[in-house]
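Enquirer: kindly generate the corresponding structure for this input.
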Amino acid sequence: MDSIVIDNPRARLAHEKFDYLVELGRLRPGLPKRCVSLIAPAQSGKTTIIESYVERLNNPDALAKGEIPALTVTLGANTTRRQFARDVLRAFEKHGYNALIDTGTEAQLLSRAMQYMIDRKVQLLFLDEFHHLFHSDNKKVVNSVSETVKCLLIEGSCPIVVAGLKDARRPFDDNAQLAHRAEPHLDLAPLDLNSSKDKDLYWNFLADYLLKSEQIGAAENLQNMLDGDIPACIFEVSEGVLGAACNLVKEAVQVAGRDGRIRVTREDFVHATDSAILNGLYTRNPFLDGLGPIRARRQAR
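Expert: Below is the predicted model:
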């Protein structure tokens, strides 16, 4: 179930924006590049959106030629300018290159990282967990790393996507020059069922996820969960975050599996939600009373 990817308007919009950055970069070789931020709460599907795009660009033919069209860099906590460069080089080492992450001065590490991006023909750089940058108490360090991102764009190595929690917006709020080089933020805020667009997105996403989960043999009756108030209860527990909704379904399937069953019941969702409550993720179990605060309408498909 972890491998299931559901096509949805938010993912398509993000991928279209990534495509735009890549194509613009291709048409402007050596010239300054653009960036965009992908702002998302935990479990919102940010990682799936990035990984599915990276998988598409990093096809076997490109990798066989020594190219890394899409490079994902995961920033660590309290990132400094030097650590930023090491994180980029470490991403190349994950692809099998000896990037000498512990050798050289800060300037040498940054220069090496930029050269690797040129040599490996990186078309799009993902800086994930970018909010970690702002866990530093040293504002000078924070500004320095933000300036580094701006310099990478000016140098024209490749366009950049910064991804993370809401603090990932801060470099654009605090640095007008960087903001001028950015596309409008991509925001994966929790869905609001007062919006008909969000309501349709949620219903279609959940229906597709349950269908695909059945198709891979996770359980045989998951589409029955679209009946009654269960979609509303799933929405309440997940608080409108699509990834959290998937995780709740997965936990219910696991509860049934531990009991030796391939059919999921409402009681399985009760236990799955209780687990979330024990982990401090939620405070109420709507599956117990059978009534969520909203009703997700069933539509003809």
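Enquirer: show me where pLDDT drops low in the stretch 201-301 of the chain?
Expert: 290-301 (pLDDT under 70).
Enquirer: where do the helices sit along it?
Expert: Counting by DSSP state H, counting those that start in this stretch, one finds helices in the stretch 201-301 of the chain at the ranges 230-238, 242-258, 266-278, 286-289.
Enquirer: ends of stretch 170-187, how far apart?
Expert: 14 Å (CA to CA, to the nearest Å).
Enquirer: just to revisit the earlier point, quick one: closest of the helices of the stretch 201-301 of the chain to L165.
Expert: Of all the helices of the stretch 201-301 of the chain, helix 242-258 sits nearest to L165, with 13.4 Å by CB to CB. (C-beta placed from N, C-alpha, C; glycine too.)
Enquirer: other SSEs contacting the closest one?
Expert: helix 196-215, helix 230-238, helix 266-278 (3 or more CB pairs under 8 Å, 6 or more residues apart in numbering; DSSP states H and E).
Enquirer: could I get these as TSV with mean neighbour count and distance to Q177?
Expert: TSV is the format used below for these (neighbours: other CB atoms under 10 Å; distance: least, CB to CB, whole Å):
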stretch	mean neighbour count	distance to Q177
helix 196-215	17	34
helix 230-238	24	38
helix 266-278	18	43
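Enquirer: before we move on, back to that, I'd like the helices of the stretch 201-301 of the chain as TSV, with distance to L165 appended.
Expert: Formatted as TSV, the helices of the stretch 201-301 of the chain follow (distance: least, CB to CB, whole Å):
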stretch	distance to L165
helix 230-238	17
helix 242-258	13
helix 266-278	20
helix 286-289	26
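Enquirer: so which of those is nearest A11?
Expert: Judged by CB to CB, the one of the helices of the stretch 201-301 of the chain that comes nearest to A11 is helix 242-258, at 9.6 Å.
Enquirer: what sits up against that closest one?
Expert: With CB atoms under 8 Å, 6 or more residues apart in numbering as the test, helix 242-258 has contacts from 1-2, 4, 8, 42-45, 48, 191, 202, 205-206, 209-210, 213, 218-219, 222, 225, 234-235, 237-238, 262-265, 268-269, 271-273, 275-276.
Enquirer: redo that, cut-off 6 Å
Expert: Residues external to helix 242-258 that are found in contact with it (CB atoms under 6 Å, 6 or more residues apart in numbering): 1, 43-45, 205, 209, 218-219, 234, 237-238, 264, 268-269, 271-272.
Enquirer: next one: stretch 112-124
Expert: Residues from elsewhere that reach stretch 112-124 (CB under 6 Å, 6+ apart): 22, 67-71, 85, 88-89, 92, 157-159.
Enquirer: which of those residues fall within helices?
Expert: Counted as lying in helices by DSSP state H, out of those, are V22, A85, V88, L89, F92.
Enquirer: name the nearest of those residues relative to Y53.
Expert: V22 (9.6 Å).
Enquirer: residue contacts, that closest one?
Expert: Residues in contact with V22 (CB under 6 Å, 6+ apart) are Q123, L124.
Enquirer: how near is it to A99?
Expert: Computed as CB to CB, to the nearest Å, the V22 to A99 distance reads 23 Å.
Enquirer: same question, L210
Expert: Here L210 is placed at a distance of 43 Å from A99 (CB to CB).
Enquirer: just D174 next, same as before
Expert: Relative to A99, D174 is positioned 30 Å away (CB to CB).
Enquirer: who are the contact partners of the residue nearest the centre of the chain?
Expert: When CA atoms, centre = their mean is applied to the chain, the residue found nearest the centroid is K46 (1.4 Å). Shown in contact with K46 (CB under 6 Å, 6+ apart): L38, A40, A163.
Enquirer: let's go with 8 Å and repeat that
Expert: Applying CB under 8 Å, 6+ apart to K46 gives the contacts L38, A40, A163, L188.
Enquirer: let me know the pLDDT of it.
Expert: pLDDT for K46: 89.
Enquirer: skipping adjacent residues, who's closest to it in space?
Expert: Residue nearest to K46 in three dimensions, not counting chain neighbours: A40, with 3.8 Å by CB to CB, 6 or more residues apart in numbering.
Enquirer: which residues does the one you found contact?
Expert: By CB under 8 Å, 6+ apart, the contact set of A40 is K46, A163, G164, L165, D187, L188.
Enquirer: and the residue nearest to the centre of the chain, how far from D128?
Expert: In this view, K46 and D128 are 8 Å apart by CB to CB.
Enquirer: which neighbours do the two have in common?
Expert: Taking CB under 8 Å, 6+ apart as the contact rule, K46 and D128 both touch A163.
Enquirer: could the helices and strands packed on helix 242-258 be laid out in JSON lines, adding distance to L178?
Expert: Formatted as JSON lines, those follow (distance: least, CB to CB, whole Å):
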{"stretch": "helix 196-215", "distance to L178": "30"}
{"stretch": "helix 230-238", "distance to L178": "33"}
{"stretch": "helix 266-278", "distance to L178": "38"}
